[in-house]
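Colleague: take a look and give me a structure for this.
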Amino acid sequence: MKESSGVQPRFQVIKNFISQAIADRIYLPDAKIPTEYELARMFSVSRMTANRAVKELVAEGMLIRHQGLGTFVVMTQAESPLLEIRNIADEIRGRHNIYSNERYRLEEIEADKNLADHLGIAVGDPVFHSLIVHKENGRPLQLAERYVNALIVPEYIKQDFSVKTPSQYLSELFPLSEMEHIVEAILPNSLEQDLLNISPETPCLLVNRRTWSANNLISYARLVHPGNLYRLSSRSEI
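Modeller: Numbering: from 1, shown residues only. Model prediction:
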């Protein structure tokens, strides 16, 4: 690749190229960039020049080196407001990233005592159970396990949720009047490890959420996120 101006140093041309490729989503978050040797060949420069460009982008927080593996685009932490409920698909698209999901379960079960207590129903009442992994740029970001009062939302079991998320579907039918969030730090169980593609030692953020509409308790959800990819924020006036 030829430099369009004789003013810019060659290492800066390489920095601009990588930065623009990240902005244009040629290199997605967590993607591996070309090696310094490959960059040196691409731009007809010394490896030392390529090394300077990469080193400065690492120092600026745009790239990260993994010993023995290479240099990767930094995967920034997703952030959600603690005091609001937002559709995760809208959050991801709002960051100019690609949203997708994978549904693993959508079934009717009977409430045991624990679930009955969470949903304010009787033991044995029908409950719809869904298990969906929400992904950002193809990488699992949230495992959403949701339990819905089947007597209040009888059509929930008929949805495929490939485009419209459960949160969006429920919020359109039942405007939110009250919510409860309980946040915990956990280590993932074997199912969470498999579906989120993480190791047993990966710290996770668990959000236990209950939502009400017009005094009806609609759903109880367990939302599990890899801790290195997700954080919650809160801001209020005093």
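Colleague: ok, R47 touching A40?
Modeller: Yes: here R47 reaches A40: they are 4.6 Å apart, a contact under C-beta atoms under 8 Å. No exception for glycine: its C-beta is placed from N, CA and C like everyone else's.
Colleague: which one of these two has more residues nearby?
Modeller: A40 (20 against 13; other C-beta atoms under 10 Å).
Colleague: so who does that one touch?
Modeller: Shown in contact with A40 (C-beta atoms under 8 Å, 6 or more residues apart in numbering): S46, R47, T49, A50.
Colleague: helix or strand: which one has the nearest residue to the first one once chain neighbours are set aside?
Modeller: Right, the one you point to is S46. Distances taken as C-beta to C-beta, 6 or more residues apart in numbering put A40 closest to S46, at 6.2 Å, once the chain neighbours are dropped. With elements taken from DSSP states H and E, the one containing A40 is helix 36-43.
Colleague: now swap in A221 and tell me
Modeller: With DSSP H and E as the criterion, A221 is inside strand 216-226.
Colleague: which parts of this protein are strands?
Modeller: With strands called from DSSP state E, the chain shows them at 63-66, 70-73, 78-81, 99-110, 126-136, 139-149, 178-186, 204-213, 216-226, 230-233.
Colleague: can you name every helix or strand that the first one contacts?
Modeller: What it means is strand 63-66. helix 47-59, strand 70-73 (3 or more C-beta pairs under 8 Å, 6 or more residues apart in numbering; DSSP states H and E).
Colleague: ok, now which ones touch the closest residue to E102 other than its chain neighbours?
Modeller: Nearest residue to E102, sequence neighbours excluded (C-beta to C-beta, 6+ apart): V133, at 4.8 Å. If you count contacts by C-beta under 8 Å, 6+ apart, V133 has them with N101, E102, Y104, P140, Q142, L143, A144, L195, L196.
Colleague: what is V133 paired to in the beta sheet?
Modeller: E102, L143 (DSSP bridges).
Colleague: measure it to R210 for me?
Modeller: 21 Å (C-beta to C-beta, to the nearest Å).
Colleague: re the thing from before, make a ChimeraX selection of the buried ones in the contacts of A40.
Modeller: For the buried members of these, the matching ChimeraX selection, counting by 16 or more other C-beta atoms under 10 Å, is:
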select :49,50
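Colleague: domain parsing for the chain?
Modeller: Recorded structural domains for the chain (assignment: automatic domain parsing) are 10-73, 78-233.
Colleague: how far does the shortest one sit from its chain's centre?
Modeller: The reference is to domain 10-73. 25 Å (C-alpha atoms, centre = their mean, to the nearest Å).
Colleague: just stretch 63-80 next, same as before
Modeller: 15 Å.
Colleague: do the same with stretch 157-166
Modeller: Mean-position distance between stretch 157-166 and its chain equals 18 Å (C-alpha atoms, centre = their mean).
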